[in-house]
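Asks: How does the following fold in three dimensions:
(one chain, ligands or ions: 1)
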Amino acid sequence: MFDTLSDRLNSVFDRLRGRGALGEQDVRDAMREVRVALLEADVALPVAREFIAKVTERAVGQEVLKSVTPGQQVIKIVNDELIAMLGGKDEGAGDASPINLDVRPPAVIMMVGLQGSGKTTSTAKIAKLLKDKQGKKPLMASLDVNRPAAQEQLAVLGEQTGVATLPIVQGQQPVDIAKRAMQSAKLQNFDVLLLDTAGRLHVDEALMAEMKAVAGASDPAEVLLVVDALTGQDAVNVAQSFTSEVPLTGVVLTRMDGDARGGAALSMRAVTGKPIKFAGTGEKLDAIERFHPSRVADRILG
Ligand code: GDP
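Replies: Residues are numbered from 1 along each chain as shown. This is a model prediction of the structure:
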């Protein structure tokens with residue numbers, strides 16, 4: 001992932017570094033190339049535009065061009081703004097967005113997204129992570145009554161991860177399953193409840209109505225949108241649709257192990273206004289990581 005973008009940016013930077021003095025036009029020319037590289041990586045157009053405007057303003061407006069190492073300074077500005085675009089601050093490796101579980105238990109994590117995005121797998125991965133790394137006692141429940149075998153799929157993942165799942169009651173509707181899951185979690189002292197909601201092939205009104213009803217019934221501490229990094233601009237469009245309808249608190253970007261061009265990762269924060277909280281990095285159930293903007297920026301510019 002990010003390979004082509006990384007190559008393109010580094011060749012622009014090599015040229016900047018190789019020069020002693022830099023004029024305003026040099027910066028503008030370099031930024032034109034950076035813009036093309038971002039768009040080719042599938043970054044949403046308004047996001048790329050804003051990025052270039054910010055970097056250019058900082059680079060030509062201050063003392064940068066008069067400094068001893070103007071190329072280096074411009075590169076530093078690109079790095080800073082890249083981290084900001086990914087949703088972080090330049091604070092080294094510790095800039096992942098926190099998961100909010102600090103509510104009266106059970107803390108509900110509602111997982112939303114389209115079918116095939118990796119929602120069910122990510123639900124199990126996050127539950128396992130919270131259990132193994134944070135000592136939590138999670139319960140998972142599938143609210144997907146549309147797709148045959150969706151509830152059984154989560155039960156199987158529960159067995160594989162050692163995470164409890166809500167027993168399946170055939171014929172029960174999503175909101176009622178959510179309420180039953182809340183009851184169960186309270187009675188059995190589970191401190192986190194992960195709700196794996198139904199996906200559809202496309203965003204539609206029925207799906208959004210169901211998400212709102214489930215959110216209304218379960219008062220989630222986190223609503224995480226799962227999107228597939230490989231789908232590029234589509235992922236951005238999906239995120240835009242969900243953002244306007246459901247109170248998202250963060251994004252899970254799956255298939256970061258694939259050869260996505262990176263546009264979804266780079267646009268997501270600006271489009272949703274919410275941080276990417278987790279990155280899926282493979283099919284195995286421990287293939288998930290907290291998303292660190294500065295580390296990802298390092299990978300792109302490294
Ligand atoms: P859902 O329909 O959104 O619930 O999707 P699933 O969770 O069933 O996932 C669909 C497929 O994507 C499964 O084969 C998963 O193993 C796979 N998958 C999910 N996340 C990742 C990931 O981060 N990387 C890779 N390589 N595969 C993933």
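
Asks: Show the pLDDT at residue 232.
Replies: At residue 232, the predicted lDDT confidence score is 83.

Asks: Need the nearest residue in space to it, chain neighbours excluded.
Replies: Nearest residue to residue 232, sequence neighbours excluded (CB to CB, 6 or more residues apart in numbering): residue 42, at 3.9 Å. C-beta: built from backbone N, CA, C; applies to glycine.

Asks: so the one you found, which of the three states?
Replies: Taking DSSP: H, G, I helix; E, B strand; the rest coil as the rule, one finds residue 42 in the coil state.

Asks: what about it, how many neighbours?
Replies: 23 (other CB atoms under 10 Å).

Asks: Please look at it and residue 262 and confirm they touch.
Replies: Yes - using CB atoms under 8 Å, residue 42 is in contact with residue 262, at 7.1 Å.

Asks: can you pull the contacts of the residue nearest to residue 232?
Replies: Taking CB atoms under 8 Å, 6 or more residues apart in numbering, we find residue 42 in contact with 232-233, 261-264, 267.

Asks: So which of those residues reach the ligand?
Replies: Restricting those to those touching the ligand (CB under 6 Å from any ligand atom) yields no residues.

Asks: Please identify which of the residues you listed is nearest to the ligand.
Replies: Nearest to the ligand among those is residue 264, at 12.5 Å by CB to the nearest ligand atom.

Asks: Pretty sure the closest one sits in a helix.
Replies: Yes - secondary structure assignment (three-state DSSP) places residue 264 inside a helix.

Asks: tell me the contacts of it?
Replies: Contacts of residue 264 (CB under 8 Å, 6+ apart): 42, 227-229, 231-233, 235-236, 253.

Asks: hmm, try it at 7 Å
Replies: Residue 264 makes contact with 227, 229, 231-232, 235-236, 253, according to CB atoms under 7 Å, 6 or more residues apart in numbering.

Asks: in the stretch 51-200 of the chain, which spans are helices?
Replies: Applying DSSP state H, counting those that start in this stretch to the stretch 51-200 of the chain gives helices spanning 70-85, 119-134, 150-161, 174-187.

Asks: Am I right that residue 207 is in contact with residue 200?
Replies: Yes - with contact defined as CB atoms under 7 Å, residue 207 counts as touching residue 200 (4.7 Å).
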